[in-house]
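J.: What follows is a protein structure lacking sequence information:
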């Protein structure tokens, strides 16, 4: 089992200029490594044939794709066997000093995600985007392994890995899916229901916390 994690939005609170209303984190779960490899190959082929970048080195990011690219992407990957779990943090309903800081905010969201996904996980290899603050990602790795795996039981997480999203097609898949979930919650976007609707059969759980 292999799991890919990505997020949409920012960890800043509402009173900060430019802060997003929501923070979304997703876990994309492949139960079979061979199936994951097939999906990886498909994304590489989509990049070469369907994107504007014919050199084949475009990184799929939801916010940098147009509607045509997004629809082609989700149509292409829908054939593969995977699922996803998402946590949506409603930042306007948060209180407490700990949420004012990026590290505890991110760690709390990650633990909430794994607490809700753990019924679907066993001995999972979890892959995080290693770009950005590497020290913070390493701290997150330690935190999740200490707080998610229960003593005396089989580990939910066997291993966490940091990889660069620009060279990992399945981290890019996670980016596209978390983007689709985040877009579905936007009342100001005409395409809000489109992309999540294309992958609704893959959805195990999307939980908003705290509830609006």
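T.: Arrived safely, thanks for sending. Predicted model, so just to flag it, every value in this text is computed and none were measured. Numbers count the residues shown, from 1 in each chain.
J.: CA atoms for contacts and neighbours, from now on please.
T.: Noted.
J.: So which other helices or strands are in contact with the helix of greatest length in the chain?
T.: As assigned by DSSP state H, the longest helix anywhere in the chain is helix 33-50. Contacts defined by 3 or more CA pairs under 8 Å, 6 or more residues apart in numbering; DSSP states H and E place helix 33-50 against helix 67-77, helix 169-184.
J.: For the shortest one, buried residues please.
T.: In other words, helix 67-77. By 16 or more other CA atoms under 10 Å, the buried positions in helix 67-77 come out as 69-70, 73-74, 77.
J.: Show the subsequent helix or strand relative to it.
T.: Going down the chain from helix 67-77, the next helix or strand is strand 83-90, by DSSP states H and E.
J.: I would like the residues contacting that following strand, please.
T.: 21-30, 109, 112-113, 116-117, 178, 181, 202-212 (CA atoms under 8 Å, 6 or more residues apart in numbering).
J.: Would you reformat the buried residues of helix 67-77 as JSON lines and include distance to residue 167 and pLDDT?
T.: Listed next are the buried residues of helix 67-77 as JSON lines, based on distance: CA to CA, whole Å; pLDDT from 0 to 100:
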{"residue": "69", "distance to residue 167": "19", "pLDDT": "93"}
{"residue": "70", "distance to residue 167": "19", "pLDDT": "96"}
{"residue": "73", "distance to residue 167": "17", "pLDDT": "96"}
{"residue": "74", "distance to residue 167": "19", "pLDDT": "97"}
{"residue": "77", "distance to residue 167": "18", "pLDDT": "97"}
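J.: any idea which of those is closest to residue 186?
T.: Of all these, residue 186 sits closest to residue 70, with 16.4 Å by CA to CA.
J.: can I assume the closest one is in contact with residue 198?
T.: No: with contacts counted by CA atoms under 8 Å, residue 70 stays clear of residue 198, the gap being 10.2 Å.
J.: ok, and the helix or strand in this structure with the lowest average confidence?
T.: In the chain, the helix or strand scored least confidently by mean pLDDT, DSSP states H and E is helix 134-148, which has a mean of 69.
J.: Many thanks, have a good one.
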